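J.: Need coordinates for the below:
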Amino acid sequence: MDRRGDDPVDRKVMPRDAEEYLSHLAIERGLGTNTVSAYRRDLTDYFRFLAGRDPSPEAMDGFMAYLHGRELARSTIARRVAAVRGLYRFLITEGMATSDPTLLIDTPRPSAVFPKALDVDQVLALLEAPDLESALGRRDRAILEFMYGTGARVSETTGADLTDIEWESRTVLVTGKGNRQRIIPLGSHALKSIRHYLPDRLELRQTEDDGALFLNSRGARLSRQGVFGIVKQNAARSGLDLREVSPHVLRHSAATHMVEGGADLRTVQEMLGHATITTTQIYTKMSLRHLHEVYLDAHPRGR
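T.: As a prediction, this is how the structure comes out:
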């Protein structure tokens, strides 16, 4: 498989107007650093292919053939085409281009890949893994209960402040992608675990307390890497396959279990902070798959 497009980004091939588009994504649309970096890699691949040629529809046909010829995954091709298409839409809107060479290109649909999800017993084993005799163990239990109870992303978990919790209404304010905020209910298990952790937080915090809800062992705000480590460590303690457990899997598990429990998609969409209902609908398919598996096992005529 040809992996030339996955080489490190060469900033010399990126035109100035493309740099302005990337700045627009970061500053005006509020996309994260990793997302903007992915756009940069995709556009770098495109401009390397052009090698100074005019961006005509014929060039786009050649680019598509180039991508398919490298046997890239359909999801990768779809993402690269979307990056190029977004660039030209921006340039036309800003008056920096008069034509869009991507108009006749069909974006390949990525293969349907269901997100991994743990079953309820596996999640319970993970939640019960932390050592509640230690301060960090109580913190870990609070983090795991918080993430599973809210379906929050890692960045939303590490970004949460103590003042974001509304104890009377049993909710928490989280800040998601693009700095969009939403209020999520906090279940009794998550609230109880956080209350048990709060005295330990007082012991952990530094003199200059920035208000973070979850702290590391040095008293600073917990990082994304720290959360990954906590999930993996407790997955190992519970005997789960480490390859199948991550903070994102915990988020998927929360959503899947809600849908299987009868929650409507709009509620799950609001809870997870999905921009469109389409993203949330995948959990319906996962729930139907689960229903089919149960049917095959339980119904006398299902086998």
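
J.: end to end, how far does stretch 180-193 reach?
T.: Using CA to CA, to the nearest Å, one end of stretch 180-193 lies 26 Å from the other.

J.: Give me the contact list for that stretch.
T.: 127, 138, 141-142, 145-146, 148-152, 165-167, 170-176, 194, 270-271, 273 (CB atoms under 8 Å, 6 or more residues apart in numbering). Any C-beta I mention is one placed from the backbone N, CA and C, and that applies to glycine too.

J.: Next, count neighbours for H274.
T.: 19 (other CB atoms under 10 Å).

J.: no no, G32
T.: 13.

J.: Also N34?
T.: 7.

J.: before we move on, the earlier item: mark which of the contacts of stretch 180-193 are buried, thanks.
T.: Using 16 or more other CB atoms under 10 Å as the burial test, the contacts of stretch 180-193 include 127, 138, 141-142, 145-146, 148-152, 165, 171-172, 174-176, 194, 271, 273 as buried.

J.: which stretches of this protein aren't confidently modelled?
T.: 1-13, 107-115, 207, 279, 281-303 (pLDDT under 70).

J.: switch the cut-off to 80
T.: Scanning the chain for pLDDT under 80 picks out the ranges 1-13, 28, 30, 71, 104-116, 177-178, 206-209, 242-243, 262-265, 274-303.

J.: how about the strands in it?
T.: For the chain, applying DSSP state E gives strands covering 165-166, 171-175, 181-185.

J.: Kindly state which of these is positioned closest to P247.
T.: strand 171-175 (13.8 Å; CB to CB).

J.: what packs against the closest one?
T.: helix 135-150, helix 154-159, strand 165-166, strand 181-185 (3 or more CB pairs under 8 Å, 6 or more residues apart in numbering; DSSP states H and E).

J.: Kindly spell out which helices and strands sit in contact with the longest one.
T.: Judged by 3+ CB pairs under 8 Å, 6+ apart, helix 135-150 is in contact with helix 120-127, helix 154-159, strand 171-175, helix 188-204, helix 224-238, helix 247-260.

J.: Alright, calling it a day.
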